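Q: give me a 3D structure for the following:
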Amino acid sequence: MLFLKSIKANRMTFLKSVTSYVGFFIPSIISFLFIGLSKDLFMRADFIQNVLSALLIIILINFIINSKLKHIITILALFFIHLFVLTELVHHYLYRSQFSTSSIFILIETNPVEAREYLSTYLDFKLLLVCAVFVLNYLISIFLFKRREKQNSQNSWLNHSIKIYSKQLTISSLILSIIFIMSISYEKLRPFSLLNNLLNGYATYKQDQANYKKFSYESEGGQFTNFLSNSSNDSTEVYVLIIGESTTRSHLSLYDYYRKTNPLLGKLKNELIIYQDVISPHAHTIPSLNKMLTFADYSNLDAKFDGTVIQMFNKAKFKTYWLSNQRPSGIYDTFVTGIAKSSDERYFINTSNYVTPFDGEILKILKNKLDEDVNKKFIVIHLFGTHGIYSKRYPKAFNIFHKNPQTKFNHENAYNFINAFDNANLYNDYVISEIIKEVKGTNSKSFVLYLSDHGEEVFETRNSEGHTDLIASKPMLDIPFVLWQSEIYKKTETQHVYEEKRSYNSEDLIFTIADLAGITFDEFEPTKSIVNAQFEFKKRVIIDTVDYDKRFKK
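A: Predicted coordinates:
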């Protein structure tokens with residue numbers, strides 16, 4: 001009788017020992033159930049990877065003899081499993097796609113203000129509930145593990161059993177390790193490995209960053225063979241490039257939006273060339289500007305190291321300025337900041353971790369720079385534009401749209417976001433018109449070119465707002481592209497062709513700017529300039545692989 005009680009007690013101890021490791025698998029199970037069981041290929045692949053990872057970690061932990069070391073490693077392993085799986089779940093919930101290498105770039109380049117605004121916009125009750133469950137499971141798992149370790153130290157039968165089965169455990173761990181490594185190595189499963197994406201994404205980012213550092217401080221670097229500029233030493237020239245943020249053209253009255261979101265630019269309409277069909281190559285800032293401001297395009301991504309628009313004007317003996325309301329860095333200096341570093345003067349007004357200044361603050365610096373006694377100036381103005389949270393992008397005086405807007409998604413949340421976005425566009429209209437007004441006042445040979453880095457979905461084609469390459473919609477890629485020229489410029493530069501219906505991808509922007517400024521070099525391709533007589537339509541590729549016109553213009 002005592003023998004049977006002993007066996008029963010030992011069996012219960014063994015079961016408790018096994019159940020103490022259940023916490024390693026709960027996150028994967030929750031994630032799998034939350035997204036929708038096996039209907040999703042991404043989540044099935046992620047689930048397999050996560051379960052294999054958990055099994056391997058558990059077996060390896062049981063080979064650690066030192067109890068303190070085992071305790072620390074187990075707590076850390078539980079933490080990272082919960083963090084990794086939760087990251088995959090949140091990413092898939094928001095973007096309906098697996099965590100990818102490009103996601104690493106976006107995370108690294110995100111600053112605290114953007115992260116805080118992003119979370120306040122997208123963190124809903126479901127995600128908060130899941131996060132709470134993950135935290136609770138993590139704490140329970142640690143408690144069960146501690147209790148198991150205490151029981152194991154007092155149970156000679158279990159310790160004896162582990163010794164007997166150590167050979168089997170060794171063989172099992174080796175087999176599992178081989179399966180795990182093969183699953184990561186298998187080409188079709190590799191993209192679903194979060195660990196693989198984290199390591200590869202970070203390595204690629206660091207390599208790109210190192211490459212940028214090689215030329216970012218070289219003010220006249222870049223590959224510009226047989227460089228020529230038709231700029232006269234006697235003339236006063238002011239060329240301004242305005243880069244907006246998260247502005248889709250379908251919400252602008254310049255593009256026939258039903259609300260008057262461009263009252264000031266509308267008054268200047270006869271002075272503007274408004275291109276109707278320009279898109280961005282990405283729905284994120286950094287990858288878009290990496291192409292817009294360099295020679296890179298989808299067919300040659302490494303060409304971004306061959307020279308920048310700033311270096312081009314430095315070579316043409318212009319004084320170059322970078323005026324920005326974007327934060328200069330995320331975790332590391334952003335690639336855009338690397339490009340800006342080769343300018344003669346740089347001003348970043350957005351340096352607070354808590355508050356983003358209104359774009360109008362940049363006008364003070366612009367006025368000061370336009371007054372400088374310099375004949376030739378090239379000025380890049382990087383605005384915060386209509387970046388979410390939209391209601392924080394404009395002063396109270398521009399809060400005029402309150403009525404329910406036109407949308408097929410008829411609910412209060414959509415109304416609020418659309419109204420705030422339209423108000424942000426109204427303020428953006430004021431900032432851009434003021435920039436044109438200031439440049440116009442210089443009475444110089446000048447142009448102002450305005451475009452956005454990418455567009456924005458605001459309850460237009462989907463029941464959501466925001467932007468992402470992973471599930472890019474048409475409004476996320478459709479951008480405004482507006483050109484203003486002074487009367488002196490129009491009289492002296494008569495060789496250009498202005499056809500507002502030309503379809504264009506802003507990844508070729510550097511060629512258009514070179515053409516407008518009268519700069520030529522062997523690498524210049526006239527077919528890629530929207531104002532050139534030799535312009536040719538080329539396949540407009542977005543996100544490096546997708547044909548925009550086939551996807552959105554069927």
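Q: show the end-to-end separation of stretch 389-401, please.
A: 16 Å (CA to CA, to the nearest Å).
Q: oops, could you answer that again for stretch 327-342 instead?
A: Using CA to CA, one end of stretch 327-342 lies 17 Å from the other.
Q: contacts only, for Pro526.
A: 511, 515, 532-535 (CB atoms under 8 Å, 6 or more residues apart in numbering). The way it works is simple: take the backbone N, C-alpha and C, and place the C-beta from them, glycine included.
Q: okay, those residues in JSON lines with secondary structure and distance to Ala316 next?
A: Supplementary listing: the contacts of Pro526 in JSON lines, determined by DSSP: H, G, I helix; E, B strand; the rest coil; distance: CB to CB, whole Å:
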{"residue": "Phe511", "secondary structure": "helix", "distance to Ala316": "15"}
{"residue": "Asp515", "secondary structure": "helix", "distance to Ala316": "13"}
{"residue": "Asn532", "secondary structure": "coil", "distance to Ala316": "18"}
{"residue": "Ala533", "secondary structure": "coil", "distance to Ala316": "22"}
{"residue": "Gln534", "secondary structure": "coil", "distance to Ala316": "21"}
{"residue": "Phe535", "secondary structure": "coil", "distance to Ala316": "22"}
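Q: among those residues, which one sits closest to Trp484?
A: Using CB to CB, Asp515 comes nearest to Trp484 of the contacts of Pro526, at 16.1 Å.
Q: Asp302: how many residues sit nearby?
A: Other residues near Asp302 come to 10 when the count uses other CB atoms under 10 Å.
Q: not counting sequence-adjacent ones, nearest residue to it?
A: In space, Asp302 comes closest to Ala296 once its chain neighbours are excluded; the distance is 7.3 Å by CB to CB, 6 or more residues apart in numbering.
Q: now do the contacts for the one you found.
A: 290, 302-304, 507.
Q: what does Lys437 give?
A: Counted by CB under 8 Å, 6+ apart, Lys437 has zero contacts.
Q: is it fair to say it lies in a helix?
A: Yes. Under DSSP: H, G, I helix; E, B strand; the rest coil, Lys437 falls within a helix.
Q: mind checking pLDDT for it?
A: On pLDDT, Lys437 comes in at 98.
Q: same deal with Thr461?
A: 95.
Q: and for Tyr205?
A: 60.
Q: all strands of this structure, in order?
A: Counting by DSSP state E, one finds strands in the chain at the ranges 228-229, 237-244, 272-279, 319-324, 345-348, 376-382, 445-452, 457-458, 465-466, 478-485, 503-505, 519-520, 541-542, 546-547.
Q: now those strands as a markdown table including distance to Val90 and mean neighbour count?
A: Output for these, formatted as a markdown table (distance: least, CB to CB, whole Å; neighbours: other CB atoms under 10 Å):
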| stretch | distance to Val90 | mean neighbour count |
| --- | --- | --- |
| strand 228-229 | 50 | 16 |
| strand 237-244 | 28 | 24 |
| strand 272-279 | 28 | 20 |
| strand 319-324 | 30 | 22 |
| strand 345-348 | 30 | 16 |
| strand 376-382 | 29 | 24 |
| strand 445-452 | 27 | 24 |
| strand 457-458 | 19 | 27 |
| strand 465-466 | 14 | 22 |
| strand 478-485 | 28 | 24 |
| strand 503-505 | 31 | 21 |
| strand 519-520 | 46 | 19 |
| strand 541-542 | 24 | 21 |
| strand 546-547 | 24 | 14 |
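Q: quick one: closest of those to His251.
A: strand 457-458 (6.8 Å).
Q: in its sheet, what does that closest one sit against?
A: strand 465-466 (antiparallel) (DSSP bridges).
Q: what mean pLDDT does the partner strand have?
A: 88.
Q: kindly report the same for stretch 519-529.
A: 96.
Q: residues of that stretch that come out buried?
A: By 16 or more other CB atoms under 10 Å, the buried positions in stretch 519-529 come out as 519-521, 523-525, 528-529.
Q: for those residues, which one is nearest His402?
A: Among the buried residues of stretch 519-529, and counting by CB to CB, the member closest to His402 is Ser529, at 42.8 Å.
Q: so the closest one sits against Asp515, correct?
A: Yes. Counting by CB atoms under 8 Å, Asp515 is a contact partner of Ser529 at 4.0 Å.
Q: which residues touch Ser280?
A: Listed by CB under 8 Å, 6+ apart, the contact partners of Ser280 are 288, 292, 452-455, 477, 479, 505-507, 542.
Q: format the residues you listed as TSV; extra columns: pLDDT.
A: As requested, those are exported to TSV (pLDDT from 0 to 100):
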residue	pLDDT
Ser288	94
Met292	97
Ser452	98
Asp453	96
His454	96
Gly455	97
Leu477	97
Ile479	98
Asn505	98
Ser506	98
Glu507	97
Ile542	96
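Q: neighbours of Arg502, how many?
A: What Arg502 shows, counting by other CB under 10 Å, is a neighbour count of 17.
Q: so what pLDDT did Pro328 get?
A: 70.
Q: from Ile362, how far off is it?
A: Look at Pro328 and Ile362: by CB to CB, to the nearest Å, they are 14 Å apart.
Q: more crowded one of those two?
A: Neighbours per residue (other CB under 10 Å) separate Pro328 from Ile362, with Ile362 holding more: 24 against 17.
Q: so the more buried one sits against Ile349, correct?
A: Yes. Between Ile362 and Ile349 there is a contact at 6.1 Å, judged by CB under 8 Å.
Q: list residues touching both of the two?
A: Shared contacts of Ile362 and Ile349 (CB under 8 Å, 6+ apart): 323-325.
Q: how does this protein divide up, domain by domain?
A: 2-205, 233-552 (automatic domain parsing).
Q: gap between the closest residue in space to Lys367 that isn't next to it in sequence and Asn368?
A: Setting aside the residues directly before and after it, Lys367 is nearest to Glu438 in space (CB to CB, 6+ apart), at 5.9 Å. Separation of Glu438 from Asn368 (CB to CB): 10 Å.
Q: compare these two (neighbour count), which wins?
A: Glu438 (18 against 10).
Q: how about the helices in the stretch 201-350 of the chain?
A: 263-267, 285-292, 309-315, 335-340 (DSSP state H, counting those that start in this stretch).
Q: among these, which is nearest Asp422?
A: Taking CB to CB, helix 263-267 is the member of the helices of the stretch 201-350 of the chain nearest to Asp422, at 12.1 Å.
Q: quick one: mean pLDDT over that closest one.
A: 98.
Q: hmm, who's touching that helix?
A: In contact with helix 263-267 (CB under 8 Å, 6+ apart) are residues 253-254, 260, 272, 426, 429-430, 432-433, 482.
Q: buried among those? Need that as a selection in PyMOL.
A: Selection of the buried residues among these in PyMOL, burial being defined by 16+ other CB under 10 Å:
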select buried, resi 253+254+272+426+429+430+432+433+482
